[in-house]
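Student: Give me a model of this one.
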Amino acid sequence: MSAAASRGRRHPWWKPRRSRRIQRWALVVVLVSLGLAAWALHRAYTRLVAYPDRPGIGSAEIIEVEIPSGASFPQVLALLVEHGVIAEEEAGYFKLYVLHEGAARKTTAGPHHFRGDMTPAQILEELARKQRSQELSATIPEGKNILEVAALLSEAGLGDAAELEAAMRDPELLAELEIPGPTAEGYLFPDTYKFRAGASPREVITRMVQRHRQVFAELRRRHRVEAKELESQLGWGDHEIVILASIVEKETAAKHERPLIAGVFLNRLRFPGFSPKLLQTDPTIVYGCVVPADKSEACKKFEGRIRTIHLRDKDNPYSTYAHEGLPPGPIANPGKDALEAVLFPKKSRFLYFVSRNDGTHQFSKTVAEHEKAVDLYQRKGAVGDGSAAGAADP
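Tutor: From the prediction side, this is the model:
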């Protein structure tokens, strides 16, 4: 077939002819779409680039926002929107900006101060600002009971005394801390503590009990043999050791006397000839009349001074004049020296002691010796010389 014949042949009627007009329009649509997309991307990119330095449209008044410890970035963002630091419609941009900066996890817990006219960069800078350490210091001396400890903690700014005391009596918390008894008495270790501002009563009590466990565990390891002797001879576990340590703590502030006084109480419990097994220590009566929620009729009349009705009060379970052996629980929170005095007491034959009115005690082996000392120091008001002479040789 010639070229001329080929050029003159018509398009077959059964094959549809493509419209060049449609193709052109399709091309135009594609180009326009691509252009619009490019324009939108450029506009978004330009806006995002300029976004960090764009001031907000809110007021210049200070807005304080407390960021909770452990808050996720979505939670932080919600707080900023809620307080008007960031407009709701701008939240998405701020999230993209923070993610772009890799700063989602740099938010610090605590109080932050913003203004409604701050730029996103300024807001992010404030969110990442390191907080000043806000710690509260509390010193708990040896021998304080739970009411006194609660008052001292409250004075240090660690909460309401009634709420702290309630935590010390909380059965759920006591069970969690494995404390036998109705309160945390005896297990709030005397020490100087630093607590974070805003610490809950549960946190405070738990920290003090953990400190007690730490100190006691070390003492028990050191005096493993003596602890086993107490268990075999008296059937004592850790709780009984804490109870006697609390009594020793209340009986003397003289460090050198504590092992000897602990030995006197243990002699009363161990010596077969000493009967009845009455420890006869005044601080136990006072405790039973002051701290327990339920008090005897005699204790309801207690005005700070022990009288005959208190000495004979069998309804006071803490009275070691009316009941043999240890009281049902600790009467104070003992320190390390008192705990160690019980675990490693000074051996002697002493069964009695009386105050010499100078911070030390006169120790005796017999009732006759003790009565002479009582007459001298209590009835006649004699005062010792403050030396260790009052603690005669065993």
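
Student: what domains does the record give for this protein?
Tutor: 53-127, 133-252, 253-390 (automatic domain parsing).

Student: Take those domains and lay them out in TSV including mean neighbour count and mean pLDDT.
Tutor: (Each C-beta comes from the backbone N, C-alpha and C, glycine too.) Below are these laid out as TSV (neighbours: other C-beta atoms under 10 Å; pLDDT from 0 to 100):
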stretch	mean neighbour count	mean pLDDT
domain 53-127	15	88
domain 133-252	18	96
domain 253-390	18	93
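
Student: can you redo these as TSV with distance to Gln23?
Tutor: Formatted as TSV, the domains of the chain follow (distance: least, C-beta to C-beta, whole Å):
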stretch	distance to Gln23
domain 53-127	39
domain 133-252	72
domain 253-390	92
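
Student: give the contact list for the closest residue to Ser246 other than its chain neighbours.
Tutor: With sequence-adjacent residues excluded and distances taken as C-beta to C-beta, 6 or more residues apart in numbering, Ser246 is closest to Pro330, at 3.8 Å. The contact partners of Pro330, by C-beta atoms under 8 Å, 6 or more residues apart in numbering, come to 181, 185-187, 242-243, 245-246.

Student: so is Pro330 in a helix, a strand, or just coil?
Tutor: When classified by DSSP: H, G, I helix; E, B strand; the rest coil, Pro330 comes out as coil.

Student: do you know how far it is from Glu126?
Tutor: 49 Å (C-beta to C-beta, to the nearest Å).

Student: Then Arg312?
Tutor: The gap separating Arg312 from Glu126 is 68 Å, by C-beta to C-beta.

Student: go on, His239?
Tutor: Taking C-beta to C-beta, one finds His239 at 51 Å from Glu126.

Student: Surely His112 forms part of a strand?
Tutor: Yes: assessed by three-state DSSP, His112 belongs to a strand.

Student: Double-check it against Leu127; I have them as touching.
Tutor: Yes: the pair His112 and Leu127 passes the contact test of C-beta atoms under 8 Å, sitting 6.4 Å apart.

Student: got any residues that touch both of the two?
Tutor: Common neighbours of His112 and Leu127 (criterion: C-beta under 8 Å, 6+ apart): Ile67.

Student: can you map out the strands along the stretch 151-300 of the chain?
Tutor: With DSSP state E, counting those that start in this stretch as the criterion, the stretch 151-300 of the chain has strands at 192-196.

Student: end to end, how far does stretch 352-369 reach?
Tutor: Chord length of stretch 352-369, first to last residue, is 9 Å (C-alpha to C-alpha, to the nearest Å).

Student: scratch that, stretch 54-74
Tutor: End-to-end distance for stretch 54-74, by C-alpha to C-alpha: 22 Å.

Student: and what of stretch 317-330?
Tutor: Using C-alpha to C-alpha, one end of stretch 317-330 lies 12 Å from the other.

Student: just use 741 as the starting number from now, easier for me
Tutor: All right, first residue 741 from here; so that's stretch 1057-1070.

Student: ok, back up a step: make JSON lines from the contacts of Pro1070 and add distance to Ala901 to it.
Tutor: What follows is the contacts of Pro1070, written out as JSON lines (distance: C-beta to C-beta, whole Å):
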{"residue": "Gly921", "distance to Ala901": "21"}
{"residue": "Glu925", "distance to Ala901": "16"}
{"residue": "Gly926", "distance to Ala901": "19"}
{"residue": "Tyr927", "distance to Ala901": "18"}
{"residue": "Val982", "distance to Ala901": "23"}
{"residue": "Ile983", "distance to Ala901": "25"}
{"residue": "Ala985", "distance to Ala901": "25"}
{"residue": "Ser986", "distance to Ala901": "21"}
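
Student: Farthest pair within those?
Tutor: Taking every pair in the contacts of Pro1070 and measuring C-beta to C-beta, the maximum separation is 14.4 Å, between Gly921 and Ala985.

Student: Report the separation between Leu820 and Arg872.
Tutor: Leu820 sits 21 Å away from Arg872, going by C-beta to C-beta.
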